[in-house]
Structures are given as C-alpha cells and as structure tokens.
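Novice: Dropping the sequence and predicted coords here.
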Amino acid sequence: MVAAIAVLGLGSPLMTDEGIGIRILEALERRADLPEDVELVDLGTGGLRIVHEAAGRRKLVVVDCARMGEPPGTIRRFTPEEVRSRKVTLRWSLHEGDVLANLELARRLGTCPEEVVLLGIQPERVAPGLELTATLAARLEEYVGWVLAELRPAEKAGPERA
Amino acid sequence: MSRTVEFDVHHVTRVEGHGNIKVRVKNGTVDEVRWLVPEAPRFFEAMVRGRSWEDIQTVVSRICGICSVTHSLASIKAVEAALGVEISRQTDRLRILAHYGEQVESHVLHVGYLVAPDLLGQKSVVPLVTSHPEVVQTVIALHKLGNHMMEVLAGRKTHPIRLKPGGFAKLPTEAELRDLKARLQAAVPQLEALAEVILSLAGELPDFRRETEYIALVNPPHYPFYHGQIGSTDTDERVPVAEFERVVNEYVSPQSTAKWTRWHRDAYGVGALARFNLNAEHLAPLATKVAASFGLEKGCTNPYLNNVAQLVEVVHVVERSMGIVDELLEAGIRPEKPHVEPRAGVGVGCVEAPRGILFHKYEFDERGRCLAANICIPTNQNHANIQKDFEALLPEILDEEEDAIRLKMEMLVRAYDPCISCSTHYLDVEFV
C-alpha cells in the first residue's frame, strides 16, 4: 500500500532556484518528526511519473519553483483550479514538463486524488548553479513549515510558526 | 509551382534550451529551412570540475529528467576506467537491468505519449484517455514497469542513488527480483497489444527516406546498450570508446550554439534506428518478430521509423531482462561493497541512452579530484542529421497544405525526441 499523502518535489538542483522543490524535499528527509503515512517523492524534471505517484493517495502536496509575478522568495499555496498555466509546450520532446498538464492527465486517468495542493516558490534566479540564492536559502525552514502544515490533518494551510 | 510558405515554430520562453523550426519558401523555391537549437546544457562539465570522483554521479544524474540512469552509468563507467576499478559480474548484470528499465520507460513514454497522438490525429495524450482508453492503459502499465525496474535496481526512481563506482550502495533482494520476473512476464502480452495498435497506425508515418550514416555501440552477438565498441554503417572499422573524440568531431554550427557532430559525412544519426541498423540480427526472438511485422529491416533510412525501432527495442529489453533475472537468481545475490582507491587518470564511459550513444570523459588528479570533463549527448549528435532531413523532406512535401508541412516537420523532430528543454521545467502560472 502506498502512503496516504505524497509530497512531490519537482525541479533541477543544477539550476539554482529551479531546484527549490528538491531542496525542500531534502530538508524534509532530515526531519525526525515527519508524520507517518507520508511519502517524499523526488520527481526531478521527469514529470510524467506523477501519473503513477498520484495513484492510491488521499492527498498530493506538490512543491515547485513557480513564476507567479511575486517578489523572489514568496511562497504561495494554490490548487490546480486556481491557476492557469502560461507555459507553451510544443510536445516535441518528453523533456518538456508542465506539472499542471500532467496532473490533468492523472485526473482523467482516475489516478489523481481530490485533494491536490501546490506550494509555489517564486525564484530569484534560474541559471546554472548548484546552490540556492541567498534569498531562498534563508527561507528554506519557512517553506518546510508550509509543507508540514499540509501534513497535519487537523489544521488548515499556513506556516508552522504562524 | 508558385507556392509561398513561411512559418516559424518556436517556444515562447524566457529560458534557453529549446529548438525552433524556420521555413521560408518563395515561389515554390526553398529559401530557408533551418533547425535552430540553442545550447544544450554543457555547463554540467564546469559543475563537476573540482569535485571528487564520488560526487560526479550525483550531479550528472540530474542532467536529464528522463535519462538519469543512463547519465549515471556513463559517468560511473568513465570513473571506473580512469581509476582502474574492476566490477563483479553481479554488478554488471544489475546495472544492465537498471539501464533496460530506463529504455522501457523512455521508449514507452515516447511512443505512447508523444507519437501515438500524432498517429491518432490528436493534439496530445489527454483526449486519448477518452477516445482510446485501452491504448492509454497499456502505455501506463508499461511505463509503470520501467519505473519499477529502476526503483528496484537503482533506488530513487528518477535520480538513482544506489548506482556507484565499484558497485551498488544497496542491492535488490532475491524476492524483489522474483517479483520483477513476474512483472516482466505479465508485460509481454501488453507489449504485443501495443505493437498491434502501432502497427495498425503505421501507415500514418510519412514515407520519407534519406541515406545517412548511423552510429551506435556494436558488440556481437549482442544488441548492446552498455558494452561494446563504436560502430558505423559507413565503415567496418570498430572504434574503442576511449577514442570517441575522433568519431564525434564536434564543431560549432553557425545556426546553433550547441556543438554539432560529423564523421564520414556531413551528419550522422544515433538512437533506436541507428542501433537497429547496426545490430538487428542480434535481437531477441519476439523483438525480431515485431520488427518483421512492421517490415522493418536493416538499412532502413526513414527517420520516422525510429519510433518503430523504439517499440522493437522495448520488446527486446523485456525479453533479455527476464534472462538476466534468471541468471542472477540462479547465482544468488551475493553481498558486496564497492571499493575504490582514487588515483590520477583519464577515463571514458559510453552507453546507449534511449536517444542514442552517450559519452562521458573525465580526468582526475591523484586525490580523485576532477580536472576536466567532456559530456557528449546524443541530441547534439542528431542536430546536423535533423537539419539534413529537413533539407531533403521540405521539397518533397511542398505541394501539401501548410498545416500538413508543419505537422510532418514537427513529427520528424518528435521522432528523434530531442533532449532540448530538460534542464528547467518550473511552473509558470497566473492566478484566475
């Protein structure tokens, strides 16, 4: 049986802030207080695997770098219904990824749970580099708190320290 | 003919790493047809410089979201060649199994999610869920098999954590291998079903041929993805992988910031069709039967049939995987730990990525620190070939509607499944 909740981290840690989803996942892996029945899944940039990772879950928490027109470092919580993708993909290659389109595919296949939460972090810099920018690195624990809040059944969204 | 056709197909994007098609036809004459590709991610070479031999795999496994096992294995083979590391037959077999898992996943996704919609007249796989549910379910089941193979063998599915120079950080159990065998057996009828569907649609693949040079690993009597020497359809010479630089002959094309390659001609092709053209007689029995059902034969020069060759390869690797699992179970999984002593040296690692032959080369100092790196990816090796295909294809289809021309050119790019936009993927959203 799969865990009821999956935290899906996306991104490339070789592209500075583009890797924030993976960096958050790594920080969560180091926590001893993760609730049971939660699985951390590193999707990298291979987004179609979401179709399988979504199956059998009660809830998905997707953590990803997101261009949202916000100041760098801003984190926002939203559902797939609350946003429209501005990405243009030509379907030339498997290497194009649009997590919203892949979630839609999972939904049509009947493998996607009702409850899908996206936590988007506005990047400061997306360019070759193994480290996050200082702006995002300084807020890493805060982002982890937002994910943990999604994993607690009794509480609604919001950062752990709020 | 007085046709005038002009179009550009390109991404609206703020990030480099995407390809464009540019077509200018005036009064029935082709003025310009170009495959424009910006830099594929060479900066990874700079990222590994100064790092320890132990860290290289972790970095390069992130180069590509689809081919992380492949990049891991190429880098590990290069490190082992440089540091003089011997590995056990068990490690060798387990690596090949993990690598087969990646071929299954990548080819199934490509044929099922990208090519099938073209053949069924749809814009994407999403409408197929309603119109052709059985096709989509078969693709999903086979995709899952590929994922599972990588999870059992390589650890974390997209970014392998168990593959290490010298061996495995964690070995699969015999129970896991027995379960894998059952899954592989169950996949055979699914593969036959998928082959039947694609065969019924194969008439939709354009009938276009252009002779070119094909390059792939060769290692008779095997159909190799992991061992062998570099072979070409233009020569009987077989080149040791350590000498790959005299095969790829990288050069800078004025129409691209990516490095292009050539050997005996002005372009060559790599990938499933290249492997098939060099090694078809070594395919497993069912794969041979599937190839015959499509009329696919050695010497094929239709690049669109790369997709059929991919399907044939999926069947082949599933068949061969069952044999490898049997061999491993018969011998029993022996506990072993990787052991590597750093030393100065240079090494090349070569494997067949799903998209074609891939080379990694590293130089280390006596402490095992990386001094230099060269990574030559299959997509860059195909760019010049795509350009030459365009130049030959466009005059042949000029009397067709602009939409049909555009579709055939896009399908041609898709046939190669280029890795051109993989290093970033982030969400780009507006709130509604």
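Specialist: Nice, thanks for sending it over. Please read these numbers as outputs of a predicted model, since none were measured by experiment.
Novice: per-residue pLDDT, residue A:49?
Specialist: Listed pLDDT for residue A:49 reads 85.
Novice: is it true that it touches residue B:144?
Specialist: No - counting by Cβ atoms under 8 Å, residue B:144 is not a contact partner of residue A:49; they are 9.4 Å apart. For glycine as for every other residue, the C-beta is placed from the backbone atoms N, C-alpha and C.
Novice: Distance of the residue nearest in space to the middle of chain A relative to chain B?
Specialist: Among the residues of chain A, the one closest to the centroid is residue A:63, at 1.4 Å (Cα atoms, centre = their mean). Look at residue A:63 and chain B: by Cβ to the nearest Cβ, to the nearest Å, they are 11 Å apart.
Novice: is the longest helix seen in chain B anywhere near chain A?
Specialist: The residue-count maximum for a helix in chain B (DSSP state H) belongs to helix B:174-201. No - Helix B:174-201 is not in contact with chain A by Cβ under 8 Å from any Cβ of the partner chain; minimum separation 13.5 Å.
Novice: Would you mark the buried spots in that helix?
Specialist: B:176-177, B:180-181, B:183-184, B:187, B:190-191, B:193-195, B:197-198, B:201 (16 or more other Cβ atoms under 10 Å in any protein chain shown).
Novice: Give me the distance from it to the chain's centre.
Specialist: Chain-centre distance of helix B:174-201: 20 Å, with Cα atoms, centre = their mean, to the nearest Å.
Novice: Give the next helix or strand downstream of it.
Specialist: Once the chain leaves helix B:174-201, the next helix or strand it forms, by DSSP states H and E, is strand B:213-218.
Novice: Given that following strand, what are its sheet partners and their directions?
Specialist: Partners of strand B:213-218 in the sheet, by DSSP bridges, are strand B:229-232 (antiparallel), strand B:268-269 (parallel).
Novice: Can you tell me which of those is most buried?
Specialist: Of all the strands paired with strand B:213-218, strand B:268-269 carries the top mean neighbour count, a mean of 27, counting by mean count of other Cβ atoms under 10 Å in any protein chain shown.
Novice: and the top strand by length along chain A, what does it pack onto?
Specialist: In chain A, taking DSSP state E as the definition, the longest strand is strand A:59-67. Here strand A:59-67 touches strand A:5-10, helix A:20-29, helix A:99-109, strand A:115-121, helix A:140-151, strand B:427-431, going by 3 or more Cβ pairs under 8 Å, 6 or more residues apart in numbering or on different chains; DSSP states H and E.
Novice: need these in a markdown table with distance to residue B:226, mean neighbour count and mean pLDDT, can you?
Specialist: Shown next, in a markdown table, are those (distance: least, Cβ to Cβ, whole Å; neighbours: other Cβ atoms under 10 Å in any protein chain shown; pLDDT from 0 to 100):
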| stretch | distance to residue B:226 | mean neighbour count | mean pLDDT |
| --- | --- | --- | --- |
| strand A:5-10 | 29 | 26 | 94 |
| helix A:20-29 | 28 | 22 | 94 |
| helix A:99-109 | 30 | 21 | 89 |
| strand A:115-121 | 39 | 22 | 96 |
| helix A:140-151 | 39 | 19 | 97 |
| strand B:427-431 | 36 | 18 | 73 |
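Novice: How about residue 52, nearest residue that isn't a chain neighbour?
Specialist: Looking at chain A here, since you left the chain open. In this structure, residue A:52 finds its nearest non-sequential neighbour in residue B:144, 5.5 Å apart by Cβ to Cβ, 6 or more residues apart in numbering or on different chains.
Novice: actually chain B
Specialist: Spatial nearest neighbour of residue B:52, excluding adjacent residues (Cβ to Cβ, 6+ apart): residue B:368 at 5.6 Å.
Novice: so how far is residue B:79 from that neighbour?
Specialist: 9 Å (Cβ to Cβ, to the nearest Å).
Novice: Between those two, which contacts overlap?
Specialist: Common contacts of residue B:368 and residue B:79, defined by Cβ atoms under 8 Å, 6 or more residues apart in numbering or on different chains, comprise residue B:53.
Novice: So between those two, which is more surrounded?
Specialist: Taking other Cβ atoms under 10 Å in any protein chain shown, residue B:368 and residue B:79 do not tie; residue B:79 has more neighbours (27 against 22).
Novice: show me the contacts for the more buried one.
Specialist: Here residue B:79 is in contact with B:53, B:56, B:57, B:85, B:165, B:340, B:347, B:349, B:362, B:364 (Cβ under 8 Å, 6+ apart).
Novice: same check, this time on residue B:360
Specialist: Counting by Cβ under 8 Å, 6+ apart, residue B:360 has contacts B:60, B:71, B:74, B:75, B:77, B:78, B:348, B:349, B:350, B:373, B:374, B:375.
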